[in-house]
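Visitor: sequence? don't have it. structure:
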């Protein structure tokens, strides 16, 4: 039964219910936005081997352990083939200090991602990378954080945006 102009409200409701029962509807909402792609389309977009490269964003929680005033390795390590794009912090508990974010291992650039980013105010702090291309190739390197002092109340989330190559 379809919706008809001359049909009663009850008949139209029954027709609509019938039409809806015929369709397999799966709703995915991300950040308040309805995603209308099929599972196959999503898997195809997220298939690194099919695309050759994917832009990814990872996050790392920063607490007093990571913000102790010395260079500390975070829980994030870049994939084997990656190019760093940019990074930012979401400060949720501020403290008057600055934070450097960079890499250890091969690239060994402790402030190459964020240099002296202030964590004195709540909200987002970040920058677009201005380092040379050779420093952007961070394949397999561990991300480090260095606070300007021993921060015991600061809380933040570090977001890292990078290109993973196939």
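Guide: The structure has been received and is ready for your questions. Bear in mind the structure is a predicted one, so any value in this text is a computation, not a measurement.

Visitor: Quick check, central residue of this structure?
Guide: Geometric centre of the chain, nearest residue: residue 57, 3.1 Å, by C-alpha atoms, centre = their mean.

Visitor: What is the burial count for residue 52?
Guide: 9 (other C-beta atoms under 10 Å). (Glycine included, C-beta is placed from N, CA and C.)

Visitor: List the contacts of it.
Guide: Contacts were defined as C-beta atoms under 8 Å, 6 or more residues apart in numbering; by that measure residue 52 touches 165, 166.

Visitor: Repeat the analysis, applying 7 Å as the threshold.
Guide: By C-beta atoms under 7 Å, 6 or more residues apart in numbering, residue 52 lies in contact with residue 166.

Visitor: next one: phi and psi at it?
Guide: For residue 52, the backbone dihedrals (degrees, to the nearest 10) come out as phi 90, psi -30.

Visitor: I'd like the distance between it and residue 165.
Guide: Counting by C-beta to C-beta, to the nearest Å, the separation of residue 52 from residue 165 is 7 Å.

Visitor: Check residue 72 too.
Guide: Separation of residue 72 from residue 165 (C-beta to C-beta): 27 Å.

Visitor: Tell me the bridge partners for the nearest residue to residue 70 once chain neighbours are set aside.
Guide: Distance criterion C-beta to C-beta, 6 or more residues apart in numbering; nearest residue to residue 70, sequence neighbours excluded, is residue 146 at 6.8 Å. For residue 146, the beta-bridge assignment (DSSP bridges) gives partners residue 100.

Visitor: Quick check: residue 146 vs residue 71, distance?
Guide: Applying C-beta to C-beta, one obtains 4 Å for the distance of residue 146 from residue 71.

Visitor: Of those two, which one has the most company?
Guide: The neighbour count for residue 146 versus residue 71, taken as other C-beta under 10 Å, is higher for residue 146 (18 against 14).

Visitor: looking at it, the more buried one is touching residue 100, isn't it?
Guide: Yes: with contacts defined as C-beta atoms under 7 Å, residue 146 counts as touching residue 100 at a distance of 4.4 Å.

Visitor: Could you chop this structure up by domain?
Guide: Under automatic domain parsing, the residue ranges defining each domain of the chain are 9-36, 51-165.
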